[in-house]
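Asks: Sequence first, then the predicted structure, then my questions.
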Amino acid sequence: ISYELNVLRTRGPRRMNCTVHTVPVSAIQEGGTAPTPSTFSSYGLDETFDISSTNRAESKESSIGNITSNRPLVLKNKSPRWHEQLQCWCLNFRGRVTVASVKNFQLVADVDPSENIPESEQEKVILQFGKIGKDIFTMDYRYPLSAFQAFAICLSSFDTKPVCE
């Protein structure tokens with residue numbers, strides 16, 4: 001998970017990117033599946049975790065037309081729109097988020113055009129997180145993320161205190 005300040009380094013939304021190595025990008029396509037691990041790797045506190053050396057043999061390759069892809073799912077924050085009347089950045093949370101906060105975000109798939117994934121699938125919000133009261137937040141997620149993955153991503157938004165706040 002990486003966070004970047006906006007390009008102008010002024011008040012406004014920060015960019016967020018999240019790579020989910022255990023979920024192939026093909027999982028977001030209609031009929032796509034994400035592998036379910038049968039065992040969990042145990043990494044000790046003094047061991048180093050190197051994602052390039054992990055065994056991805058369990059992840060099934062999936063075909064999309066003539067393209068075979070096991071590229072990991074990359075999520076990016078949905079770009080908010082500037083609302084002229086309210087003079088602020090806005091995202092449509094469909095009534096689920098009620099308080100403006102720099103921590104509010106919606107994640108959508110960041111796919112390469114060669115993946116042949118329909119735009120309707122690319123625009124679907126996979127994870128949304130937002131403030132609904134003083135120190136109260138709400139999280140909504142959907143397949144292919146698990147509750148644990150979604151919660152971990154949301155927790156990361158509390159780890160950094162952006163300058164634009």
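Replies: Arrived safely. It should be emphasised that the depicted structure is a prediction, and the values quoted were computed from it without experimental measurement. Numbers count the residues shown, from 1 in each chain.
Asks: Could you use CA atoms for every contact and neighbour count after this?
Replies: Fine.
Asks: Can you tell me the SS state at residue 103?
Replies: Under DSSP: H, G, I helix; E, B strand; the rest coil, residue 103 falls in the coil class.
Asks: can I assume it is in contact with residue 130?
Replies: Yes: between residue 103 and residue 130 there is a contact under Cα atoms under 8 Å: 6.6 Å.
Asks: what about these two, which has more around it?
Replies: residue 130 (23 against 19; other Cα atoms under 10 Å).
Asks: Am I right that the more buried one falls within a helix?
Replies: No: assessed with three-state DSSP, residue 130 is strand; it does not lie in a helix.
Asks: Could you list the low-confidence segments of this structure?
Replies: By pLDDT under 70, the weakly predicted segments of the chain are 5-13, 37-69, 160-165.
Asks: could you pull out the helices for it?
Replies: If DSSP state H is used as the criterion, the helices of the chain fall at 119-122, 147-156.
Asks: Mind giving me the packing neighbours of the last one?
Replies: In terms of contacts (3 or more Cα pairs under 8 Å, 6 or more residues apart in numbering; DSSP states H and E), helix 147-156 is packed against strand 136-141.
Asks: mind listing what's buried in stretch 14-31?
Replies: Neighbour-count burial for stretch 14-31, counted by 16 or more other Cα atoms under 10 Å, picks out 14-18, 20-29.
Asks: Compute the number of surrounding residues for residue 87.
Replies: So residue 87, with other Cα under 10 Å, has 8 neighbours.
Asks: What separation do you get for it and residue 148?
Replies: 35 Å (Cα to Cα, to the nearest Å).
Asks: Out of the helices of the chain, which gets nearest to residue 140?
Replies: Of all those, helix 147-156 sits nearest to residue 140, with 8.3 Å by Cα to Cα.
Asks: Could you check the angle the closest one makes with strand 136-141?
Replies: 140 degrees (axes from the mean of the first three to the mean of the last three Cα atoms, to 10 degrees).
Asks: Figure out how far helix 147-156 is from the centre of its chain.
Replies: Relative to its chain's centre, helix 147-156 lies at 9 Å (Cα atoms, centre = their mean, to the nearest Å).
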